[in-house]
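K.L.:
No letters, just coordinates:
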């Protein structure tokens, strides 16, 4: 089953974990066949949020929600179950500075 591990960090810890450390862990997951995809994100100030209301697109600079911790990146993994996904997420280096949200990926239900 696929799980999305969302990495959240506050402004103070945004760069606390060096890129090579995260890349090394992603490399280990890739070698084991567990990593499906993973990327780091630019700081939240570079974000654009959009909403469609009444057929009109509205654009906002930055994130729409005000939160203390901001989405910094993700690891999409393939794990046997939630317990294995949590074990893998526990190794994600930025977990020492922020938090990792582990969420199962849902398959879209297509109409026949």
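P.N.:
All right, it came through fine. Note that this is a predicted model, so its numbers are computed, not measured. Residues are numbered from 1 along each chain as shown.

K.L.:
following the helix ranked longest in the chain, which helix or strand comes up?
P.N.:
Across the chain, the longest stretch assigned as helix under DSSP state H is helix 19-31. Later in the chain than helix 19-31, the nearest helix or strand by DSSP states H and E is strand 35-40.

K.L.:
For that next one, name the packing helices and strands.
P.N.:
Strand 35-40 is packed against helix 19-31, strand 70-78, with contacts defined by 3 or more C-beta pairs under 8 Å, 6 or more residues apart in numbering; DSSP states H and E. The way it works is simple: take the backbone N, C-alpha and C, and place the C-beta from them, glycine included.

K.L.:
in its sheet, what does the very next helix or strand once past it sit against?
P.N.:
Where DSSP H and E defines the elements, the next helix or strand beyond strand 35-40 is strand 48-53. Looking at strand 48-53 with DSSP bridges, its partner strands are strand 56-61 (antiparallel).

K.L.:
Flag the shaky bits of this protein, pLDDT-wise.
P.N.:
63-66, 112 (pLDDT under 70).

K.L.:
is it true that residue 98 touches residue 6?
P.N.:
No - checked against C-beta atoms under 8 Å, the pair residue 98 and residue 6 is beyond contact range at 10.1 Å.

K.L.:
neighbour-wise, which of the two wins?
P.N.:
Taking residue 98 and residue 6 together and counting by other C-beta atoms under 10 Å, residue 98 has the greater number of neighbours (20 against 16).

K.L.:
Who are the contact partners of the more buried one?
P.N.:
Each residue near residue 98 by C-beta atoms under 8 Å, 6 or more residues apart in numbering is listed here: 7-10, 13, 69, 72.

K.L.:
Without its sequence neighbours, what residue ends up closest to it?
P.N.:
Distance criterion C-beta to C-beta, 6 or more residues apart in numbering; nearest residue to residue 98, sequence neighbours excluded, is residue 9 at 3.7 Å.
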